[in-house]
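S.K.: Pasting the sequence and the predicted model now:
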Amino acid sequence: MLGPVEVSRDGEAVPPGSGRERFVLATLLLAAPAAVRAEALIDALWPDDPPPTAKAQLHNLVSRLRGRLGAEVITSGIAGYELRLDGHRLDLHEFRSLAATGALDDALALWRGPALANVPDELAAGLRQALHDERLAVIETRLAAELDAGRSEDVLRELRELIREHPYREALREQHMRALLKAGRRAEALEVYRRTHRVFADELGIKPGEGLRRLEQQALHGMAVRPRQLPAHVVPLAGRDELVQEISAAHGVVLLLGPGGVGKSVLALTVAHRMAAEFPDGQLYADLRATPTAHEVLGRFLRALGAEPPADSAERVALYRSHLADRRVLVVLDDARDEEQVRPLLNATTLITSRHRLGGLLGVRRWTLPLLSPASSVELMTSVIGAERVAAEREAAAAIAELCGHLPLALSVAAGRLAIEETWRLEDLRVRLTDERLRLSALRVGDVDVRASIELSCEALDPPARKLFHTLGNLSGPDWPAWVATPAVDVLVDAHLVNRLGRDAAGQERFRMHELVLAFAREREEDVRAILAGWLALVSEADAQLDHDLPRPSPLPAVVPTTAARRHPLEWFDVEWPNLLAAVAQANDLGLGDLATELLVRMAGYWWLRSLGDELEHLMPTHDDIRLIDVLFEIRLQRNDYASLPALADRLLAAASTPEWEVRALRRRGQASMRHGLLHEAATWHTRAVAAARTGCPSLVQTCLDSLAWTLTEAGEPERAVTLFDDSATGALAHYHHGIALTHLGRIDDADRAFTKARKIADEGGETAGLAYLDQAWADADIRAGRYVQAAFRLDAALAEHERNSCTDGMGEVLRSQADLAIVTGREADAIRYLRRALATWRSIGDDLQIARVLARLHHLGAAGDEHQAVLARLGLPESCLRMPPV
């Protein structure tokens, strides 16, 4: 369309048809993807008197176009005719897209002559003019860019030709005058204005517009004063090269954000000095902290521009804008407080720095300055104190950078102190900065003070925000979820006193303070007990959702407006773990020992699920609560750390003060004895636990019976065990143990039924953790029943699962069963290999009974002596507990 109307398909030209067909095609293309009503097309084709057959003729025109272009390209409906461009290219769309992205030369290169050149004038005049106006607007934009780039003479040559072609286009005449003024040819600019005035008056009956009149005044009075207000740039800059490049290339209003001391002003001035040559009409600078009102700043700026400022603020703004119109002036507004302070001062190109986000300034380019990298931090120090001193103490330099939090102001102050104190080693300053209480005092040199910079950011805080700021500073955690900082956190984020980190794995927003800001916040104490109580309530809420078998304290009322602990309890604990440990420590420091213990107790389920026994044991001397001892016992049991179990069980017995805890402690003592192979002793403890449960805690009777029956099975007394299981088996674990006892009695069908029940209960309850143990035990029944293929399948699945979960005792059981399968199928070499791996596994755990079972099999295969007999004798166990395979 940008020339003659031409159509091609797959590289082949398609004739666009008659003049009327080309007009219909052009009209549909201009409207695409919108539809064009048939009545509108008829009015355009026959504007004066449409013939009676107009509708039929239009239909024929469209039909012929469909024949050439494809029936699917032009569709008709209630809204009219629609040309579908799906997958097709249109030069007009490409022109508009390139122009919008600033590729003006590429856009103009698409024109092949007058638009719609092969469409009859009487039909296309209006369409053609609209397209030519678009092209002229792009040409004018390109010429303005070239003029700004200083190519006045080239622009003047082109403008003279364009004005001959378009004598009434006022924008071209404005550009002509502006180019002459840029080139210093004021007299010629005035002649252009007079000629324009004459042409417009004589031929159009109008006067030149405001833009031309303003340029006339500029030509008459010469150029205004060119202010050069940028402060000298003497502060070192490091690690900002990429930002300098990006900001220098930006256009319009640029906002540099960040906390006090991050280097916003230094960066802004660096960019401003670099760009100064692009703004020959001047550079204006205002420190908005020193001159807080826009009214005052406007007065200074107007005087700098050679104008007397009026008393009225609105008049000042109008006069300021008039003086900046058509001038290339850079405005730098440093340390802005709010949007109201900035808006009246904005120019086409403005650099603003602020500690506040100024969200009300729309349409600005924003950069939030990051802290320096470790390498850039050392580079900044090097630029002040010299490479030789840094090279001599690189580790101290890196440590100073870390203690300064990689904040440019703090690094500059630290380097300034070193530059003054020439006898100091870098290590001397590092030592001074290590004490957090003295760090801010050490970061002061002359009138430059890091503490004062932070205090300035706090000045605008209202009392609730300031109180929250100091409260957060007095917390011990590394960061905080949103509930801790509600509701004033947005004020602190806006002031760059608190950093928003994003969302954690539990879906909570998280926040953190810079190290030096944190040190400042801690200089005033605030009571944090309310937040510690909030942590306790959240721990209670999260623990209530965890799937564990530990006793649960009574729930606490919810006092914190967050759902993460309830919806994602395990992920919430994972995320908040450092904060929870810090809360326990802080509660202890504040003399709130009961609160600290209650926190730990309600964290017990998480300790248990994550097997965090080492951390728990570290805290036990301070919080020797029976519930924590029980959790530690379970963790040690799960980790096959049997050595400490008897002592922990004895502590439970000594601490038990209720019937429930007495039963639990007796059962734990039985488990400890069993894990050391002392099965008769274990059976005694479990028998006592059953008796205690029946009299004092009926809810634990079944659990204790299961433990007793399992112990008897392991001790080679499956007959007694089956009797107990028959009386009590209901849960998946009980049926699993029942099946093992039945297997060793040779009652394989009954064992299959028990294992089937265990599997069903586990599947219905979503209990997948023990299925690998079930597969291994069921495989033992398969081996005794001659179902060797099924046994191999179960054992392979069980071993893979145990290896995935790093379950050592489970792997030992499977390896022993794989050896049994190899023995009964005549693969003795394989059996020995499995048994040697199993022996190493059980010895790493220290389970004597399992060691004896493996040694007995190796002895049977002639691969070991009769050491197993000595183990059985020491444990006082019969050979029936060895569970030898059927041979």
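M.R.: Nice, I can see it.

S.K.: shaky segments in the stretch 201-350 of the chain?
M.R.: Low-confidence segments of the stretch 201-350 of the chain, defined by pLDDT under 70, span residues 221-225, 234.

S.K.: For the spatially most central residue of the chain, list each beta-bridge partner.
M.R.: When Cα atoms, centre = their mean is applied to the chain, the residue found nearest the centroid is Gly502 (4.9 Å). With DSSP bridges as the criterion, the beta-bridge partners of Gly502 are Arg510.

S.K.: domains of the protein?
M.R.: Structural domains annotated on the chain: 7-130, 150-221, 241-368, 374-456, 461-627, 807-887, as defined by automatic domain parsing.

S.K.: so which of those domains comes closest to Arg228?
M.R.: Distances from Arg228 to each of the domains of the chain were compared using Cβ to Cβ; the minimum, 6.0 Å, belongs to domain 241-368. C-beta coordinates here come from the backbone N, C-alpha and C atoms, glycine included.

S.K.: for the closest one, how far is the first residue from the last?
M.R.: Taking Cα to Cα, to the nearest Å, the span from the opening residue of domain 241-368 to its closing residue is 15 Å.

S.K.: circling back: can you give me the pLDDT of the residue nearest to the centre of the chain?
M.R.: What the model reports for Gly502 is a pLDDT of 84.

S.K.: What of His176?
M.R.: On pLDDT, His176 comes in at 90.

S.K.: is it true that it lies in a helix?
M.R.: Yes: secondary structure of His176, determined by DSSP: H, G, I helix; E, B strand; the rest coil: located in a helix.

S.K.: number of nearby residues for it?
M.R.: 25 (other Cβ atoms under 10 Å).

S.K.: can you count the residues close to the residue lying closest to it once chain neighbours are set aside?
M.R.: Counting by Cβ to Cβ, 6 or more residues apart in numbering, the nearest residue to His176 once its immediate chain neighbours are dropped is Leu159, at 4.7 Å. Counted by other Cβ under 10 Å, the residues lying close to Leu159 total 23.

S.K.: ok, Leu159 - contacts?
M.R.: Taking Cβ atoms under 8 Å, 6 or more residues apart in numbering as the definition of contact, the neighbours of Leu159 are Leu143, Leu172, Gln175, His176, Ala179.

S.K.: All the helices of the stretch 301-450 of the chain, residue numbers only.
M.R.: 313-324, 339-342, 374-385, 387-392, 394-403, 408-420, 426-434, 436-442, 450-458 (DSSP state H, counting those that start in this stretch).

S.K.: Please name every helix or strand in contact with the last one.
M.R.: Applying 3 or more Cβ pairs under 8 Å, 6 or more residues apart in numbering; DSSP states H and E, one finds that helix 450-458 contacts helix 408-420, helix 436-442, helix 515-521.

S.K.: export those to a markdown table and tack on distance to Gly746?
M.R.: A markdown table is the format used below for the helices and strands packed on helix 450-458 (distance: least, Cβ to Cβ, whole Å):
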| stretch | distance to Gly746 |
| --- | --- |
| helix 408-420 | 79 |
| helix 436-442 | 72 |
| helix 515-521 | 70 |
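
S.K.: Adding distance to Phe633, mean neighbour count and mean pLDDT, write the ones you listed out as CSV.
M.R.: Shown next, in CSV, are those (distance: least, Cβ to Cβ, whole Å; neighbours: other Cβ atoms under 10 Å; pLDDT from 0 to 100):
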stretch, distance to Phe633, mean neighbour count, mean pLDDT
helix 408-420, 49, 23, 91
helix 436-442, 39, 15, 81
helix 515-521, 39, 23, 83
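
S.K.: Among these, which comes closest to Arg833?
M.R.: Per Cβ to Cβ, nearest to Arg833 of the helices and strands packed on helix 450-458: helix 515-521, 56.7 Å.

S.K.: Now do the closest one: everything it contacts.
M.R.: 259, 261, 403-405, 407, 410, 436-437, 439-440, 443, 450-451, 454-455, 469-470, 472-474, 497-498, 513.

S.K.: I figured the residue nearest to the centre of the chain was touching Glu509, is that so?
M.R.: Yes: with contacts counted by Cβ atoms under 8 Å, Gly502 reaches Glu509, the gap being 7.4 Å.

S.K.: Okay, Leu2 and Leu65: tell me how far apart.
M.R.: As defined by Cβ to Cβ, to the nearest Å, Leu2 lies at a distance of 20 Å from Leu65.

S.K.: now the domains of the chain as TSV including distance to Glu660?
M.R.: TSV is the format used below for these (distance: least, Cβ to Cβ, whole Å):
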stretch	distance to Glu660
domain 7-130	73
domain 150-221	89
domain 241-368	54
domain 374-456	47
domain 461-627	7
domain 807-887	28
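
S.K.: Mind checking what helix or strand follows the lowest-mean-pLDDT helix or strand in the chain in sequence?
M.R.: For the chain, counting by mean pLDDT, DSSP states H and E, helix 613-619 ranks last in confidence among helices and strands (a mean of 67). Counting by DSSP states H and E, the next helix or strand C-terminal to helix 613-619 is helix 626-638.

S.K.: which helices and strands does the helix or strand hosting Gln702 pack with?
M.R.: Take DSSP H and E as the rule and Gln702 turns out to sit in helix 701-714. Packing contacts for helix 701-714, counted by 3+ Cβ pairs under 8 Å, 6+ apart, involve helix 659-675, helix 679-696, helix 718-728, helix 732-744.
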